[in-house]
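In: coords please:
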Amino acid sequence: MKPEINRITNQPATHNRLAPRGNHHLAQARRAVAEQFQNELPDKHLLHLVLNEAEALAWQTGVPHLVFPALALEKVHALAEWQARQEAIRRRNELAFAA
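Out: Numbers count the residues shown, from 1 in each chain. All right, here's what the predicted structure looks like:
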């Protein structure tokens, strides 16, 4: 049987015994962040995408369960700011058209 090769590093794949535990911690952190911001962010799809991005970046660090919570909060705050700016632009445009 041929050993599994990691397509990115071209090295034999190693299976991290901590991955299931790390996945559990990530899932808990993800739920906590989503619950914290569910009322503040009307677009749940964008929240889901931002959490996916934070998780993908966290996995690249080698210690995702340590990095993900802070990274997720940073990305969600940036999304909230972006949505607030978009809403302000929409309101300004509505006022301009109404006048």
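
In: mean confidence score for stretch 42-49?
Out: The average pLDDT within stretch 42-49 is 89.

In: which element is T61 on?
Out: Per DSSP states H and E, T61 falls between elements, in no helix or strand.

In: neighbours of the closest residue to it other than its chain neighbours, how many?
Out: Take T61 and drop its neighbours on the chain: the residue closest to it by C-beta to C-beta, 6 or more residues apart in numbering is V67, 4.8 Å away. All C-beta atoms are positioned from the backbone trio N, CA, C, and that covers glycine. Residues lying near V67 (other C-beta atoms under 10 Å) number 18.

In: surely V67 meets E55?
Out: No: using C-beta atoms under 8 Å, V67 is not in contact with E55; the gap is 9.7 Å.

In: where does this protein dip in pLDDT?
Out: 1-22, 98-99 (pLDDT under 70).

In: that one: helices as residue ranges?
Out: 19-37, 44-59, 64-98 (DSSP state H).

In: looking at those, which is buried most?
Out: helix 44-59 (a mean of 16; mean count of other C-beta atoms under 10 Å).

In: between helix 19-37 and that helix, find me the angle.
Out: Using axes from the mean of the first three to the mean of the last three C-alpha atoms, to 10 degrees, the interaxial angle of helix 44-59 with respect to helix 19-37 works out to 140 degrees.

In: who are the packing partners of helix 44-59?
Out: Where contact means 3 or more C-beta pairs under 8 Å, 6 or more residues apart in numbering; DSSP states H and E, helix 44-59 is packed against helix 19-37, helix 64-98.

In: which strands and helices sit next to the shortest one?
Out: Taking 3+ C-beta pairs under 8 Å, 6+ apart as contact, the helices and strands that helix 19-37 lies on are helix 44-59, helix 64-98.

In: the longest one vs helix 19-37, what angle?
Out: Following the same axes, to 10 degrees, one obtains 30 degrees for the angle between helix 64-98 and helix 19-37.

In: so what's the residue nearest to T61 up against?
Out: By C-beta atoms under 8 Å, 6 or more residues apart in numbering, the contact set of V67 is 57-58, 61.
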